[in-house]
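# When you get a sec, could you give me coordinates for this:
(2 chains)
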Amino acid sequence: MRPALVFGLILCLLLALDGVLFVDGLIRRKAEDATSAKLEVVTSGLGLTDLAVATEARYTRHPAVSDAMAPFMDHPGAIEHFPTGTFWLLPQR
Amino acid sequence: MAQRNLEKQLNILDYALSSLWRRRLKSLSLLLVFAAVIFLLASFQMVTQALTDKARQVLVYTPEITLQKMSVGRQEAIPLAYREQLAGIFGIRRVVPRIWGYYFDEVRLANYTVMGMELGEMPEGARLDTTLSGGAMPGTDERGRVVIGQSIKKALALEGRTTFSLFRPDLSLTSFEVSGEFSPDTDIMTNDLIVMGLAEARDLFAIPAGLVTDLCVYVANPTEIETIAKKISATLPSVRVLTRPQIQKTYQVVFGWRSGFGSICLLTALAAFVILAWDKASGLSPEERREIAILKVLGWETSDILAVRFWESVLVSGLACLAGMTAAYIHVVYFAAALFRPVLMGWSVLRPELHLAPRIEVGNILLILAFTVLPYLAATVIPAWRSATVPADSALGG
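Down below sits the predicted model:
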């Protein structure tokens, strides 16, 4: 078998895997649409302002309603030390 | 003619594949490193995009204006009496006071988010029962009843019990009865929440009567949010006014390449490609120069040699890109970005089940290609062209 054909087969296998993932992604998105109604009600009903992903520090639990300088205000000379602070970029207002 | 050209390109492809196979250890390690760098970049992009999308989708329903009192650069309790001053501003439909804050559980070392409000006053407050997986929201006249998020349920290890206690600031205990729990479908918003009435939250945090944490302001016409926010700022200068568009904007920039972790991902990729480009640009090895010289002696033209090098680069970078991006998608969707969770959630004790569904857009794929494949093609084809233009006898003789 010529090398180009072997490579073509490997490529087809990878693309087929991507195709399966794509179809599964569409199904997942459809299922997610069903849950978005609940999220809308809970956000509106409780007046929520932030995603509950990182719960270790107030400035990554509630970045939208915390100060940009919150990491540094715990005591004079305090430095930001929570790991999530490296992932969540605090916006400048 | 086209058939002949296709056959020629297929033969060149065969030769390029055989050439890569001859140096399989080097080619495979290059492919793996390349794929790993693309995996890192693509994973970061998919995680941040999925979270940004989710925030964009749900924060449309956040309060139109949120008021917090600031003092000495910090947020402090806001007087309920401010509502009377707000009553004079035309266009405000409703002002709802809330008491919310963090309760640190010293036994479990976990932070709970406690929210207290009169649910009947909130928009959609009457429909909150539909977001529960069990039980019901506490009624307006029911005292001591709370609704909890999934992680709180796990942390408190209730196992059939419906009551638990929390400490007030003076270390006296106050008991609560769980009247319902939020559905796992809303985990990304309610995972660490304990929702209770305003009076219970006031009692738990020992906040004096007449003070609350913030005021949610709802306006009659959403297009007037900015105008009303300016009027509130003028009326109450010590108050921080957060509008819904500001909150939404925060989440459009909070996950970005400029964050510490994003910068590390980018710099890692950049460093990998600088090393790669430097290696390639510093010239071909004597064996590769000899191979090119032999091909030229056998009658290959410079363009054919360039085509071989081009195909080699396309095969390695294209395969690495496909494999890296596929692996990144599997990592983000099926393993909930397990490799990023130590940074994304840090030392958090309560962690939501992340169900990330990144969008695959042509623009994002092109961005990854532009960062990775194009520099690699340039870094490999240019030295090959320089070498291929050297006369064959001098290359062999050298």
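# can you pull the buried residues of the helix or strand containing B:Val373?
If you go by DSSP states H and E, B:Val373 is part of helix B:362-388. Neighbour-count burial for helix B:362-388, with 16 or more other Cβ atoms under 10 Å in any protein chain shown as criterion, is recorded at B:364, B:368, B:371-373, B:375-377, B:379-381, B:383-384, B:387-388. C-beta here means a position set from N, CA and C on the backbone, and glycine is covered the same way.
# Check which residues of stretch B:62-81 are buried.
Quick answer for stretch B:62-81 (16+ other Cβ under 10 Å): B:Thr62, B:Pro63, B:Glu64, B:Ile65, B:Thr66, B:Leu67, B:Gln68, B:Lys69, B:Gln75, B:Ala77, B:Ile78, B:Pro79.
# Would you mind measuring from the fifth one to B:Arg244?
According to Cβ to Cβ, to the nearest Å, B:Thr66 stands 9 Å off from B:Arg244.
# go on, B:Ser151?
27 Å.
# which of those two has more neighbours?
Neighbours were counted for B:Ser151 and for B:Arg244 using other Cβ atoms under 10 Å in any protein chain shown; B:Ser151 has more, 24 against 21.
# Which residue, other than its chain neighbours, is closest to that one?
Distances taken as Cβ to Cβ, 6 or more residues apart in numbering or on different chains put B:Leu350 closest to B:Ser151, at 3.8 Å, once the chain neighbours are dropped.
# pretty sure that neighbour belongs to a helix, no?
No - counting by DSSP: H, G, I helix; E, B strand; the rest coil, B:Leu350 falls outside a helix, being coil.
# which residues touch it?
A:Thr55, B:Ala110, B:Asn111, B:Tyr112, B:Gly149, B:Ser151, B:Ile152, B:Ala155, B:Asn191, B:Asp192 (Cβ atoms under 8 Å, 6 or more residues apart in numbering or on different chains).
# Make JSON lines out of these and add pLDDT.
Formatted as JSON lines, the contacts of B:Leu350 follow (pLDDT from 0 to 100):
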{"residue": "A:Thr55", "pLDDT": "88"}
{"residue": "B:Ala110", "pLDDT": "92"}
{"residue": "B:Asn111", "pLDDT": "92"}
{"residue": "B:Tyr112", "pLDDT": "95"}
{"residue": "B:Gly149", "pLDDT": "95"}
{"residue": "B:Ser151", "pLDDT": "93"}
{"residue": "B:Ile152", "pLDDT": "94"}
{"residue": "B:Ala155", "pLDDT": "92"}
{"residue": "B:Asn191", "pLDDT": "93"}
{"residue": "B:Asp192", "pLDDT": "93"}
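# Kindly list the longest strand within chain B.
Longest strand in chain B, counting residues (DSSP state E): strand B:92-105.
# Packing partners of it?
Applying 3 or more Cβ pairs under 8 Å, 6 or more residues apart in numbering or on different chains; DSSP states H and E, one finds that strand B:92-105 makes contact with helix B:82-86, strand B:110-116, helix B:198-205, strand B:211-212, strand B:214-219.
# now the chain, which segments are flagged as low pLDDT?
Just going to use chain A. A:68-76, A:90-93 (pLDDT under 70).
# think we crossed wires, I meant chain B
B:280-284, B:392-398.
# what ranges do the helices span in it?
B:2-22, B:24-58, B:82-86, B:150-156, B:187-190, B:198-205, B:225-235, B:244-253, B:260-281, B:286-297, B:302-333, B:341-344, B:362-388, B:392-397 (DSSP state H).
# which one of the ones you listed is the most hemmed in?
helix B:187-190 (a mean of 26; mean count of other Cβ atoms under 10 Å in any protein chain shown).
# Just give the nearest non-adjacent residue to B:Glu121, would you?
Using Cβ to Cβ, 6+ apart, the closest residue to B:Glu121 is B:Val96 (4.7 Å).
# Walk me through which strands the longest strand of chain B pairs with, and which way each runs.
strand B:110-116 (antiparallel), strand B:214-219 (antiparallel) (DSSP bridges).
# Please compute how far stretch B:234-247 lies from its chain's middle.
For stretch B:234-247, the separation from the chain centroid amounts to 27 Å (computed by Cα atoms, centre = their mean, to the nearest Å).
# Now do the same contact list for B:Val343.
Per Cβ under 8 Å, 6+ apart, neighbours of B:Val343: A:Pro83, A:Thr84, A:Thr86, A:Phe87, B:Phe261.
# Look at the second one and tell me its secondary structure.
The three-state label given to A:Thr84 by three-state DSSP is helix.
# Surely it is in contact with A:Glu56?
Yes - using Cβ atoms under 8 Å, A:Thr84 is in contact with A:Glu56, at 5.8 Å.
# got any residues that touch both of the two?
B:Met345, B:Gly346, B:Ser348.
# which residue packs closest to B:Ala201, ignoring adjacent ones?
Closest to B:Ala201 by Cβ to Cβ, 6+ apart is B:Gly116, at 2.3 Å.
# wait, B:Gly250 sits on A:Ser66?
In this structure residue B:250 is Thr, not Gly. No - using Cβ under 8 Å, B:Thr250 is not in contact with A:Ser66; the gap is 9.7 Å.
# Any figure for the gap between the most centrally placed residue in chain A and B:Trp347?
For chain A, A:Val53 is the residue whose C-alpha lies nearest the centre (Cα atoms, centre = their mean; 8.4 Å). Computed as Cβ to Cβ, the A:Val53 to B:Trp347 distance reads 13 Å.
# if I look at these two, which residues touch both of them?
By Cβ under 8 Å, 6+ apart, no residue touches both A:Val53 and B:Trp347.
# Show me the helices in chain A, by range?
A:3-46, A:58-61.
# These: which one's closest to chain B?
helix A:3-46 (3.7 Å; Cβ to the nearest Cβ).
# could you give the angle of the closest one to helix B:302-333?
With axes from the mean of the first three to the mean of the last three Cα atoms, to 10 degrees applied, the angle from helix A:3-46 to helix B:302-333 works out at 30 degrees.
# how does chain B divide into domains?
With domains defined by automatic domain parsing, chain B comprises B:2-57+B:255-397, B:62-253.
# To A:Pro3, which of the ones you listed lies closest?
domain B:2-57+B:255-397 (3.7 Å; Cβ to Cβ).
# Distance from the closest one to the middle of the chain?
On Cα atoms, centre = their mean, the centre of domain B:2-57+B:255-397 falls 24 Å from that of its chain.
# got a list of what residue 65 touches?
Answering for chain A, as no chain was given. A:Thr49, A:Asp50, B:Thr66, B:Gln68, B:Asp214, B:Leu242, B:Ile247.
# try again with chain B
B:Cys216, B:Val217, B:Tyr218, B:Val219, B:Ile225, B:Ile228, B:Ala229, B:Ile232, B:Val241, B:Leu242, B:Thr243, B:Arg244.
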